[in-house]
Every structure is written in C-alpha cells, then in structure tokens.
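> based on what follows, work out the 3D shape:
(2 chains)
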Amino acid sequence: MTETSQETGPYFGAFGGRFIPEALIPALDEIEETWRKSQVDPEFGAELHELQVSYIGRPSLLTEAKRFSAHCGGARIFLKREDLNHTGSHKINNALGQALLAKRMGKTRLIAETGAGQHGVATATAAALLDMECEVYMGEEDTQRQALNVARMRLLGAKVNAVTNGTRTLKDAMNEAMRDWVANVGSTHYVIGTVAGPHPFPAMVRAFQRVIGDEARDQLREATGGLPDAVLACVGGGSNAMGIFAAFLDDPEVRIYGFEAGGEGIESGRHAARFSGGRPGVLHGSATYILQDEDGQTRPSHSVSAGLDYPSVGPEHSFLHDAGRVTYEPVVDDEAMEALQLLARTEGIIPAIESAHALAGAMRVGRQLGPDAVLLVNLSGRGDKDMTTAATWFDYFDEGAVQV
Amino acid sequence: MTGTTARPRTGAMLDAITAAGRSAALIGYLPVGFPTVAGSIEAMTALVDSGVDIVEVGLPYSDPGMDGPVIQRAAEQALAGGVRTKDVFAAISAVAEAGGTPVVMSYWNLVLQYGVDAFARDLAAAGGAGIITPDLIPDEAADWLAASDEYDLDRIFLAAPSSTPERISRIVSASRGFVYAASTMGVTGVRTSVDDHARDLVARLREAGAPHACVGLGVSTRDQAAEVAAYADGVIVGSALVRSLDDGGVPALSDLAAQLREGCA
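Residues are numbered from 1 along each chain as shown, chains lettered A, B, ... in the order given. So this is what the prediction gives:
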C-alpha cells in the first residue's frame, strides 16, 4: 500500500486543494515555502523541540487506564495524555509551530478561530510568549458555553471577538477570521487550528501534531512490546486525530477509528457527523465532506462539545474515509457524557467533552475486540473548561449556588 | 454551440461601450432573493432601466467568506426567505429580457452541488453571459473551464493586488470576458476612498494581455465611479447598491444607479 502517512497535499485523493480568494494565494504560497524550509532547517527543529520540552511539557505521558478497561470489554486501554500539555490540550503543538513560522515570515500579528476555545487559548499563549499581537474569533454561542476560555484569552492579552453571523459557532468564526486575514495579510498570519482550510494547512497542521503519534508509538512499544490493535481519536476538524493516526497509517494491522459528534443522533438531524450525514463539497478552502442541504448551503452542526461542532472536516479524513483506511463512527452526546463521567470515576482523570467521544468509542471498540486487544486512545484535552456543561448535564450544582 | 443566438456576452458589451465613446461600463451586484425573489428581480431590472450595463446576480450563500456585513446580512435574509439555487436562472432571464447583460456571482460549492455542467447549461439557456467565481482560482477550475467552453460562457476570475506576475498571466489566460480586479485587499463593502492599488492592478492585467479589466470592492459614489472609469473598462458596485435597496427600496436603488452611471459616462 502507498505510504499514506507521507501525503503532502495539496490534494488527498479527490479532496483538499485551495478553494480560496486569489488575494490569499500569495500568502498560502509563502506559508508553504517557509514551512517546507523549516522542516529541513535544524535551527527551526531545535527551537520547536526546545519549546516542546521546556514549555509544552513533552513528551506527554502514556497512561494505562486499568479500571476504565473494565468498561471496555477488558481491553487494555492506553491514554495519550495531551490533556497534560501546557494550556490543556493538543492545540498548543500546532499553535506554537505556526507562531514560530509566522515570526520567520516577519508577521507581527496572529489571528485564530476557535470553537471550544482551546485553540484560541493556545494561540493567545504563543502570541504572549513570542511577543505578538493576537485576535481570536469565536462564535457568540461558544463564547457563552466556553466563557472561562474567553477570560483566559483576554488574560493572555488577546482580543476576543464574539461572532454574531450565521449560526454563531465555529464555522462562522472561521469565516470572520478569513475576512480579517484577507484584509490584513501583510502583517498577519492566520493560525488555523485544525487540519482543515486550504493547502498547506491540512498537511502542515498534521505535521505539527504528528509528535503525538510518534511519541505514543514509542511509548506503547515500551509498555507492551508491540503496536496497538486499534488507535482511536475524536474528530472535529480532526487535528488531534491526524496527529495520532499519522504514525500508524502505514501499519495495515492497526485498526484506526475516528469518532465524530453524533449530537442528539443522526436521525434527529442535530449532529456533526459529516461521514454519516454529509457529502463531498467545498467549504473553508478545501474539498471535503460537509453537512449541507440539497443546494450546498452549509447545514448547522450540533454537539454538546463545542470543539466538535463543525460542519466540515479535514480533507485527509475524507480521503482516509473513502479509502477505507479509517473507520468513522458517530458518538452521541449521551454516550460521550457517560464516558466522561466514567473516566473521572475510574481513573481520576476529567477529560474534555471532545476527548470523551473517543473514550466512548473505546468502550464500543474494546467490547468488539475483547480483552486481548490493546487500544491507544488520544486524550486530546482536559475537561476543566467543560465544568459548567458537565455540572448542568449531571445536575452537580447546588440549587442557587453562585461562585464568587 | 450557442454562437448564433443573441445571448449577451460581457466582452462584446465592453467593446460596444468603448466604441460608443463611454469611459467605462457600470456593473451592479444584487443578491437574488433579497428582499424576496420577486423583489430582487424587480430591483435588477430597475438597475438595467437606470443604465447599469452588466448585472451581477449574486447567489446567497451560508458562508460568504469574501463579503462584508451589508451583503452578508442580505444573503442571510434571502436564505431565511427560502431562496434556492434555481431562482438565479429566473433572475438571469429577467435581466436579459430587460436588455442588460447578466452574469452570476457565486461561491463555488453552490455551482458544484448543482452540477458544474448542469449549471453552465441552465445558465446559458436562461441567457446568462458567464460566472464570477470569488473562491475558485484557475488552478482548481478544470471542470468549469470545460463546461464554460461547452456552453460558450464567460469565466470571470479575480485578480488581487498581491497576485504575482505568474499568477496574473495564469488568471488572464484562463479568463474570458473580463478579469475582476479586486481593488483593495479585503472583502466587499463601501469604502471612503478607492485604493490606488486598483490602478496598478489594471495596468498589470492589461500588460499581461487582458482585453478587459473591471474594478470592484469599494465604489459607492458617482465621483469614485468616475475615478475608476478613467482607467478601468468597468466599475463594479455591490454593497452600496444593496444598502440603498435595503434603506430606500427600488426608488433609492434606481437613483443611486443613475448617479453611478453618470460617473461612467
């Protein structure tokens, strides 16, 4: 089979490309050139590695979830602990990488879109560290359900804009960031937070996230002596998933699963499962699977998790889906929240609601593969930001209690 | 295949304007379905009656990444009112019957989902001249290049001040009719001054062999139109027209169009 892990764009089979206004093409070309050079530049590699070790806290741990395993058919479950990274998720891997590139291109300002706020926080953090201006676009609905992350970004010195257009969620934040970029492309780098958008973003973001899979592969071999039977991750835009999948794509014996947000169920129409309820089209610069109506108008997505609430998906996922290399399944809100609570109570780890979709997937796949199986699950982020959602869901707040 | 019919074409229209001694064509944008499908068609034919030469019939899209707030809001209202892709062809027919030269302006996914070939076929049948494609660059346009040849339609790609010489020549050779010179680095919307980048960009497009270059993004007054008309083949006005239609209905729209036309005399 082809070395799928080495795909470099602009196309992933029939997907990807650059469906974007001409005004941005020179900027995309400059990013690609700077990125390609950086990949073979030992100085850039050393600078990024130093930040990974001394700032992000890499390598992140690999933790065996021995008690959670009982809920996964007895399969051995290994969690790749991206939740322990500085800022609390995998997003910092990419944000710091792109911020270093932006510096090399002489940019002074970073902009970002964010859904759950983790990418916005990571970008604001990178901007603070590297002395750059930062402006983050966030759907108004998300600024409300992720109010804590809004405060974090502002504390870090970023300007946060609540986007009131369209569905007021991640896709609209991305539209607004794109408008800012086209108007300010001379000074500004747009730090896309996932493996979506026009080329070279899908390939470049995967490259910055690949450290997850490369570390996990070595750590798992040390722990078990071999490869996992299955690798699992949640898929919104899909950057944590591509980061961990990339290291295993060329091992045909390793099953790979991506879990999309099934929301209130596929039949309800209120979900973000592009591979169950979408079809190919073009959105936000690339050809990929999209939730859309008959005419091609984007349909609103829905998920209890802001970070998975996105009607499009990275083009490489569409390629891996059609090629049959990765199995994509929906996980509904109820299943994800149950998995979140279970991991908290069996392992003492509170995952992000996004990552809880992968944990629910592990419960499903573990039961299918049985107690001899070894499952590697990407725990992409921690759940601190989700406490209001979780406390409301499980009714943990005392009546009338107000935090002061 | 439709070469013997009288279907309007933008290149011929722009040549005729030059031959008639006018400084430039006036090109006006309105989205179909705003405020309603019937209302938008009435407004578009009013543009033709007020002297607009080429009418850009916009197809409202849920994610208009190139548009500023005025057009975004109009598109949201049109979509909320239930506008469909097929409605664009009724508007195209009406503009052609009124004597204008109609083109479609659409984000690419809507054309893609209709079917590139089917869209080209139905557009030609309705009397449309071509499509302006704000988020489709020639590099990604193989299907559209084929369909526009098949149905003899104009393909109007955008050029930007940031476009390199290589890209300018690629855009010029892929375009037919005219090249849309995006005069400022930004999205659509009314600006108080039209950027000087526009003049340079038009000069670069001509040097690269573009028979016609029209300037868009930012024009809202007669004086600005006259300023652009002095060097471009066409003056494109969008947000200002949408805003006048929104604020004062068809009378206000016609009034503004007539003023802009004076700038393109």
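
> now do the strands in chain A.
For chain A, applying DSSP state E gives strands covering A:11-12, A:15-16, A:62-64, A:76-81, A:109-114, A:133-139, A:159-163, A:188-190, A:230-234, A:255-263, A:279-283, A:286-290, A:326-332, A:374-379.

> so which of the ones you listed comes closest to chain B?
strand A:279-283 (4.4 Å; CB to the nearest CB). No exception for glycine: its C-beta is placed from N, CA and C like everyone else's.

> buried residues in the closest one?
A:280-283 (16 or more other CB atoms under 10 Å in any protein chain shown).

> that older thread, now render the strands of chain A as TSV, adding mean pLDDT and distance to A:Leu308.
Listed next are the strands of chain A as TSV, based on pLDDT from 0 to 100; distance: least, CB to CB, whole Å:
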stretch	mean pLDDT	distance to A:Leu308
strand A:11-12	96	21
strand A:15-16	97	20
strand A:62-64	98	23
strand A:76-81	98	18
strand A:109-114	97	13
strand A:133-139	97	14
strand A:159-163	96	18
strand A:188-190	98	21
strand A:230-234	98	6
strand A:255-263	98	4
strand A:279-283	98	16
strand A:286-290	98	14
strand A:326-332	98	9
strand A:374-379	98	13
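
> where in the chain is pLDDT low?
Going with chain A. Scanning chain A for pLDDT under 70 picks out A:1-7, A:403-404.

> chain B is the one I meant
Ranges of chain B meeting pLDDT under 70: B:1-6, B:184-195.

> for it, what spans make up the helices?
Using DSSP state H, the helices of chain B run over B:10-19, B:37-49, B:69-80, B:87-97, B:108-114, B:116-125, B:142-150, B:165-174, B:197-207, B:222-229, B:239-263.

> next one: the stretch 151-300 of chain A
With DSSP state H, counting those that start in this stretch as the criterion, the stretch 151-300 of chain A has helices at A:170-184, A:201-224, A:239-245, A:274-277.

> which strands and helices sit next to the second one?
Using 3 or more CB pairs under 8 Å, 6 or more residues apart in numbering or on different chains; DSSP states H and E, the elements in contact with helix A:201-224 are helix A:25-39, strand A:62-64, strand A:76-81, helix A:91-104, helix A:239-245, helix A:315-323, strand A:374-379.

> chain B is nearest to which of these?
Here helix A:25-39 is closest among those (CB to the nearest CB), at 4.5 Å.

> now tell me what touches the closest one from outside.
A:18, A:20, A:44-45, A:100-101, A:104-105, A:181, A:185, A:189, A:198-200, A:204, A:207, B:137, B:160, B:162-164, B:167 (CB atoms under 8 Å, 6 or more residues apart in numbering or on different chains).

> generate a PyMOL selection restricted to the buried entries among these.
Of the contacts of helix A:25-39, the buried ones can be selected in PyMOL as follows, counting by 16+ other CB under 10 Å:
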select buried, (chain A and resi 18+20+44+100+101+104+181+185+189+198+199+200+204+207) or (chain B and resi 137+160+162+163+167)
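
> ok, A:Asp29 - how many residues close by?
A:Asp29: 14 surrounding residues under other CB atoms under 10 Å in any protein chain shown.

> now do A:Asp395
If you count neighbours by other CB under 10 Å, A:Asp395 ends up with 8.

> what's the distance between it and A:Met337?
Distance of A:Asp395 to A:Met337, computed by CB to CB, to the nearest Å: 12 Å.

> rewinding a little: can you put the helices of chain B in CSV and add distance to B:Leu30?
Output for the helices of chain B, formatted as CSV (distance: least, CB to CB, whole Å):
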stretch, distance to B:Leu30
helix B:10-19, 17
helix B:37-49, 6
helix B:69-80, 8
helix B:87-97, 9
helix B:108-114, 16
helix B:116-125, 17
helix B:142-150, 23
helix B:165-174, 25
helix B:197-207, 22
helix B:222-229, 17
helix B:239-263, 6
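
> show me what from chain A comes close to chain B.
With CB under 8 Å from any CB of the partner chain as the criterion, chain A meets chain B at residues A:17-23, A:25-27, A:165-166, A:171-172, A:175, A:178-179, A:182-186, A:281-285, A:290, A:292, A:294-298.

> from the residues you listed, list just the buried residues.
A:17-23, A:25-27, A:165-166, A:171-172, A:175, A:178-179, A:182-185, A:281-285, A:290, A:292, A:295-298.

> spatially central, which residue of chain B would that be?
Nearest to the mean C-alpha position of chain B, by CA atoms, centre = their mean, lies B:Glu56 at 3.7 Å.

> contacting residues for the residue lying closest to it once chain neighbours are set aside?
Nearest-residue entry for B:Glu56: B:Tyr29, 4.0 Å, with adjacent residues in sequence omitted and distances by CB to CB, 6 or more residues apart in numbering or on different chains. Taking CB under 8 Å, 6+ apart, we find B:Tyr29 in contact with B:55-56, B:58, B:71, B:105, B:236-238, B:241-242.

> among those, which are in strands?
Among the contacts of B:Tyr29, the members falling in strands (DSSP E) are B:55-56, B:58, B:105, B:236-237.

> picking that back up, deepest in the core, which of the helices and strands packed on helix A:201-224 is it.
Mean neighbour count (mean count of other CB atoms under 10 Å in any protein chain shown) peaks for helix A:239-245 among these, with a mean of 31.

> give me the contacts around that helix.
A:80, A:82, A:89-91, A:93-94, A:193-195, A:202, A:205-206, A:208-213, A:216, A:231, A:233-235, A:256, A:258, A:314, A:316-317, A:320, A:326, A:355, A:376, A:378, A:380-381.
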